[in-house]
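*Asks:* have a look; sequence and predicted model below, questions after that.
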Protein chains: 2
Amino acid sequence: MKVFIAGIDGYLGWPLAQYLTARGHEVSGIDNFARRQWVTNMDSQSAMPIFGMNERLAAFETQFGKPLRFYEGDLLDYALLRTALEETQPDAIVHLGEMPSAPYSMIDQERASYTQSNNVIGSLNVLWAMHEAAPNAHLVKLGTMGEYGTPNVDIPEGFFEVEFRGRKDVMPFPRQANSFYHLTKVHDTHNTMFACRTWGLRSTDIMQGVVFGTQIDEMGDDPRLRSRLDFDQAFGTAINRFACQAVIDHPLTVYGSGGMKRGFLPLRDSMQCLGIAIENPPKEGEYRVFNQFEETYTIAELADKVREAGGRVGLDVQIEHFDNPRTERDEHYYNPDRQHLIDLGYKPHHDVVAEVEIMLRDLLPHRQRILDKQEILVPDIRWTGGRRRSQVIEIAPA
Amino acid sequence: MKVFIAGIDGYLGWPLAQYLTARGHEVSGIDNFARRQWVTNMDSQSAMPIFGMNERLAAFETQFGKPLRFYEGDLLDYALLRTALEETQPDAIVHLGEMPSAPYSMIDQERASYTQSNNVIGSLNVLWAMHEAAPNAHLVKLGTMGEYGTPNVDIPEGFFEVEFRGRKDVMPFPRQANSFYHLTKVHDTHNTMFACRTWGLRSTDIMQGVVFGTQIDEMGDDPRLRSRLDFDQAFGTAINRFACQAVIDHPLTVYGSGGMKRGFLPLRDSMQCLGIAIENPPKEGEYRVFNQFEETYTIAELADKVREAGGRVGLDVQIEHFDNPRTERDEHYYNPDRQHLIDLGYKPHHDVVAEVEIMLRDLLPHRQRILDKQEILVPDIRWTGGRRRSQVIEIAPA
């Protein structure tokens, strides 16, 4: 199949280009390198060294024996986006081209408004460009499990049957996101659902859990083919950040009690699931939702797994609790479904500790890159406004 | 109370400034005159002559004996918006400053993206400016009944108790809007709910039905105090458009069978309800939803009421059905609540025919203004894309 990846320079986009090419698909993509800028703005850098796109493309051609067609530019540049879809005529469009950080979106008005404008209008442009230039393509849109929040009932995959005052309907499950970033994904969800219903577009909306990991088997050993890995408070998500802290003997920064539960999945599972979605498209006009995660864990459980993996590579990992800069519930019910992908053949890799061990071995040669930026490991972006560095707190044992 | 109105030059904003001032409130406001531009872009004009803001402000001071503080500018100009709130320190902010037309938002990518960017980022800026400069103010935010779509169950006011797989929670009622414009209001709803929960802002989110009418009692006879009234396919909503068609003997343009049911309310009820919301603020951190309409009617029923009112002023009103340029259901269940405003003292004006009669008498002296633009009375903006003029269709009698 011909697959067009928006955000092909990113943490997921670059491995996905390789994963899909290794499976025989013809990949093209677009990126404006914004992720590199955002991380620089956080005064951080990728723990894994990353290379410029020209070097990446050269290594790609060497590894896979064919070139990757690349467009440099912004999804907000509608004329470029439309031209790219006209020229590549993709069967599937994987939309990873959004600003993905909750803390970044909460810094101030400027960042919040940038986040919502960039993500919502960029995604809206993807829908319009499909409508005008690729109406039969399948949009694989990256949402987040964070769209749902933490309701006190089970979380279905996008829709549920409502019984209200004696009448029934199948309706979208209510979204209760918890940052201006997560809200952009909720907005995208509503826009995409409408475009499918009204224009007959087809889309799989992926409610993805938090991804961790440095490797997939299809990646090759050339350092130019490796993906980035961030550890700052904004772009470093929970396990990735913990792994980077572990390799420099910095205590793992667990926010609050660490009792908040989320869905997680290794990078290789994310690739597998996106591949399954692409290779099993919905029908014309269909909008479907896949919850995409391997399993749910509390943050405290994951910190323990990183400690265990650290022990296997000779690291003595410490865990500390910090006052939570976010406004979120520490303890809550959490039971999301993830049956759709299983039904299509998803085989979860359940061994988080083994995966983290691979990460630690990948990261150890680059510890100096993390050490150089260690002053940004403790968060200071407050959900309630302003910046104030979190302090270590005591948590009574459960 | 001190009330700041965003969109004070608009159809609702200008009468609201007068209504609130007549009730003893101290009103200020902001506008960028965008509505005037959008209607010009549709090659139309207000059926009621409207005056420039300087003339409006002079008449306002004469009528009410005090000046109105006015800021000319855009909600996307964050520095200006924040300064305005700092200077005026409002108790309530009424946010009417959005692009309000579903057809306009569906014309093309440029208009869709403008609509979402203008409305979502403008509203986001209002939240940030409140957070930073007026955290105790009460945001009265104009949403629309169209956020809910037409589900097959009753529509509560914003929230409902969900029972799902044996567990219960109170959750936001799912939103299923049917245009890129209506979707902006859904996005605003999610952003506002989050800002109240996270920052402790207080807001009343008004899911308003379609407003019609030319007058409120508090308005005075000076033509500079009158509000605009649009009749083009984008900015002329159902009853207003019908009334303008009636006074020039143009057949009323009912889309499809006219069986679609919506909530409607006269302008005087809209003012009354907004006043009630302002004078009964929620508590800190509270986000509440009011469904705001007098009653639900089908479009066909309203066309009949306009015909009846026309008879009273000597007009022989014809009704024709046109193929529906929108993608929407002609026949559907529709039973929304509107108890919250009733509980706070809202007294609906139930006599639609009497209200339309007032409109027709107001509009008759200005029939030439409508005649001058009569070629735009038949819609051509298609939900499915492009422009194609609707044709008269036969509808079998029910």
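*Replies:* Now that the structure is in, tell me what you want to look at.
*Asks:* any idea how far B:P251 is from A:A133?
*Replies:* 39 Å (Cβ to Cβ, to the nearest Å). In this view, the C-beta of every residue, glycine as well, is placed from N, C-alpha and C.
*Asks:* let me fix that, I meant to ask about A:L81.
*Replies:* A:L81 is 42 Å from B:P251, where distance means Cβ to Cβ.
*Asks:* what about those two, which has more around it?
*Replies:* A:L81 (26 against 18; other Cβ atoms under 10 Å in any protein chain shown).
*Asks:* my guess is that one contacts A:P90. True?
*Replies:* No - using Cβ atoms under 8 Å as the test, A:L81 is too far from A:P90 to be in contact (12.0 Å).
*Asks:* tally of neighbours for the residue of the stretch 201-350 of chain A found nearest chain B?
*Replies:* Distances between the stretch 201-350 of chain A and chain B by Cβ to the nearest Cβ are smallest at A:T327, namely 5.0 Å. Using other Cβ under 10 Å, the number of residues around A:T327 comes to 15.
*Asks:* what's the closest non-adjacent residue to it?
*Replies:* Spatial nearest neighbour of A:T327, chain neighbours left out: A:W383 (4.2 Å); criterion: Cβ to Cβ, 6 or more residues apart in numbering or on different chains.
*Asks:* hmm, A:R326 and that neighbour touching each other?
*Replies:* Yes - taking contacts as Cβ under 8 Å, A:W383 lies within contact range of A:R326: 4.8 Å.
*Asks:* joint contacts of the two?
*Replies:* In terms of Cβ atoms under 8 Å, 6 or more residues apart in numbering or on different chains, A:W383 and A:R326 are both contacted by the residues A:S179.
*Asks:* nearest residue to A:I155 other than its sequence neighbours?
*Replies:* A:I155's closest residue in space is A:P336 (Cβ to Cβ, 6+ apart), at 3.7 Å.
*Asks:* who's in contact with that neighbour?
*Replies:* So A:P336 contacts A:145, A:148, A:154-155, A:263, A:291, A:293, A:296 (Cβ under 8 Å, 6+ apart).
*Asks:* recalculate using a threshold of 10 Å.
*Replies:* A:145, A:148, A:150-151, A:154-157, A:207, A:209, A:261-263, A:291, A:293, A:296 (Cβ atoms under 10 Å, 6 or more residues apart in numbering or on different chains).
*Asks:* most neighbours among these, which one is it?
*Replies:* A:M207 (27 neighbours).
*Asks:* run the contact check for the host helix or strand of that one versus chain B.
*Replies:* In the assignment (DSSP states H and E), A:M207 maps to strand A:202-208. No - figure legend: strand A:202-208 not in contact with chain B (Cβ under 10 Å from any Cβ of the partner chain); closest approach 14.7 Å.
*Asks:* partner strands of that strand and their direction?
*Replies:* Strand A:202-208 sits in its sheet next to strand A:138-144 (parallel), strand A:287-292 (parallel), going by DSSP bridges.
*Asks:* how far off centre is the shortest one?
*Replies:* Using Cα atoms, centre = their mean, to the nearest Å, the distance from the centre of strand A:287-292 to the centre of the chain it belongs to is 15 Å.
*Asks:* list the contacts of whichever helix or strand comes after it.
*Replies:* Reading on from strand A:287-292 to the C-terminus, the next helix or strand found by DSSP H and E is strand A:295-298. With contact meaning Cβ under 10 Å, 6+ apart, strand A:295-298 is reached by A:145, A:209-210, A:238-239, A:254, A:257-265, A:269, A:301, A:303-305, A:330-331, A:334-336, A:338, A:348, A:350, A:352.
*Asks:* tell me how many other residues crowd the nearest residue to A:W128 once chain neighbours are set aside.
*Replies:* With sequence-adjacent residues excluded and distances taken as Cβ to Cβ, 6+ apart, A:W128 is closest to B:Q109, at 4.0 Å. Taking other Cβ under 10 Å as the criterion, the count of residues near B:Q109 is 19.
*Asks:* ok, B:Q109 - contacts?
*Replies:* Shown in contact with B:Q109 (Cβ under 10 Å, 6+ apart): A:78-79, A:81-82, A:124-125, A:127-129, A:131-132, B:180.
*Asks:* and of those, the nearest to B:W199?
*Replies:* A:L124 (26.6 Å; Cβ to Cβ).
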